[in-house]
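> Fold the following for me, if possible:
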Amino acid sequence: MRNIMAAAAISTTLMFGVAYSTGAWAAQDSSVQDVIDALKPHPGKSRGSRPVVAPPSDASTPLATAPASAATHPPSAHVTVVPRTATAEDDHPSLDFNIQFATGSAELTPRAMKTLDVLGKALSSKDLADSKFRIEGHTDTVGSADLNKELSTRRAQAVVAYLTQHYSITPDRLQAIGMGEESLLVPTGPNVPDQRNRRVHVVNISG
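Presented below is the predicted three-dimensional model:
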């Protein structure tokens, strides 16, 4: 039982909600608030670990079914929060999102849009309304560095476009930048496919 509880504390999945590394379950509808809390400046407080936000990796996990008319704006996502240790570069509140794109393109998948809906609601909240954010696209090391740089830029721009179109977030609040293979979350050698490195890093650059 102790081992099971420890495993749940590391990585857990909750429909329409979030579970943190402490093992405490958040309320069923609190995933947006968790994102707000992670990205909101906390003066005088250590930010500690940074979570990685992602849809569940288990394809057998049931997803909420949206009507055909809502295909461009799916319902809230299942969200998993996995902790990572903060580094000296974490000067601003930030969060990693596992945004799934079509292979080799900047086309958002339905699951990606569900994850971005959580982010969009957070960024359009009154708590973050005065903040500006850098949207960084990151890739793994498969393919050439130049192509990955270009692809990550297009993916970051796709995220910004989705957020501005669906959540009335003004473009001047969001800065898209492609990082390519730079700043790997999980260091690997060349040509190593790793879903954890294919991410979108959101940084609160205000203040």
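
> Remind me which helix or strand residue 122 belongs to.
Taking DSSP states H and E as the definition, residue 122 sits inside helix 110-123.

> residue ranges for the helices of this protein, please.
Applying DSSP state H to the chain gives helices spanning 2-10, 31-39, 110-123, 145-167.

> got the ones you listed as TSV, with distance to residue 204 and mean neighbour count columns?
All C-beta atoms are positioned from the backbone trio N, CA, C, and that covers glycine. TSV is the format used below for those (distance: least, Cβ to Cβ, whole Å; neighbours: other Cβ atoms under 10 Å):
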stretch	distance to residue 204	mean neighbour count
helix 2-10	26	10
helix 31-39	5	21
helix 110-123	10	22
helix 145-167	14	19
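
> and residue 104, which of the ones you listed is closest to it?
Of all those, helix 145-167 sits nearest to residue 104, with 7.3 Å by Cβ to Cβ.

> Could you name the helices and strands sitting against that closest one?
If you count contacts as 3 or more Cβ pairs under 8 Å, 6 or more residues apart in numbering; DSSP states H and E, helix 145-167 packs onto helix 110-123, strand 133-138, strand 174-180, strand 200-204.

> relative to helix 145-167, how tilted is the first one?
Looking back up the chat, that one is helix 110-123. Interaxial angle of helix 110-123 relative to helix 145-167 (axes from the mean of the first three to the mean of the last three Cα atoms, to 10 degrees): 60 degrees.

> export helix 110-123 as CSV, just CAs?
Presented in CSV, the C-alpha positions along helix 110-123 are these (Å, rounded to 0.1, in the frame of the first residue of the first chain):
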residue,chain,number,x,y,z
PRO,A,110,-7.9,17.4,-30.6
ARG,A,111,-6.1,16.4,-27.4
ALA,A,112,-3.8,19.4,-27.8
MET,A,113,-6.8,21.7,-28.0
LYS,A,114,-8.2,20.2,-24.8
THR,A,115,-4.9,21.0,-23.0
LEU,A,116,-4.8,24.5,-24.5
ASP,A,117,-8.4,25.1,-23.3
VAL,A,118,-7.1,24.7,-19.7
LEU,A,119,-4.3,27.1,-20.4
GLY,A,120,-6.5,29.6,-22.2
LYS,A,121,-9.0,29.8,-19.3
ALA,A,122,-6.1,30.4,-16.9
LEU,A,123,-4.4,33.1,-19.0
